[in-house]
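**Student:** attaching a predicted model along with its sequence, questions to come.
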Amino acid sequence: MSETLTNRLKEERERLGLTQAALAERVGVSRKTINTVENGVFVPSTLLALKLAAALERPVEALFAIETN
């Protein structure tokens, strides 16, 4: 059984009408970092996940979930 981290980052970002660049600026990372997290290439640190949740006005659990295959 394998586990992967899924996220709703793009949906929540778009809900607020933010670009990747605008969200990146809010949390202090590059636009590329936001892109790689949204596409599941990069798993964010706990600190970044908390910053993203705060910037998107959602609990961290609404953004990230563990999917079991």
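**Tutor:** Arrived safely, thanks for sending.
**Student:** host element of residue 49?
**Tutor:** helix 46-55 (DSSP states H and E).
**Student:** show me what the helix or strand following that helix packs onto, helices and strands only.
**Tutor:** Following helix 46-55 in sequence order, the next helix or strand is helix 60-63 (DSSP H and E). The contact analysis (3 or more Cβ pairs under 8 Å, 6 or more residues apart in numbering; DSSP states H and E) places helix 60-63 against helix 9-15, helix 46-55. Where C-beta positions appear, they are placed from N, C-alpha and C, glycine not excepted.
**Student:** partners of the helix or strand following helix 60-63 in the sheet?
**Tutor:** Note on helix 60-63: by DSSP H and E, the next helix or strand toward the C-terminus is strand 64-68. Sheet pairing of strand 64-68 (DSSP bridges) gives strand 3-7 (antiparallel).
**Student:** how far does the partner strand sit from its chain's centre?
**Tutor:** Computed by Cα atoms, centre = their mean, to the nearest Å, the chain-centroid distance of strand 3-7 equals 11 Å.
**Student:** average model confidence for that strand?
**Tutor:** The average pLDDT within strand 3-7 is 93.
**Student:** equivalent analysis for stretch 14-29, please.
**Tutor:** 98.
**Student:** and the contacts of that stretch?
**Tutor:** 13, 30-31, 33-35, 38, 48, 51-52, 55-57 (Cβ atoms under 8 Å, 6 or more residues apart in numbering).
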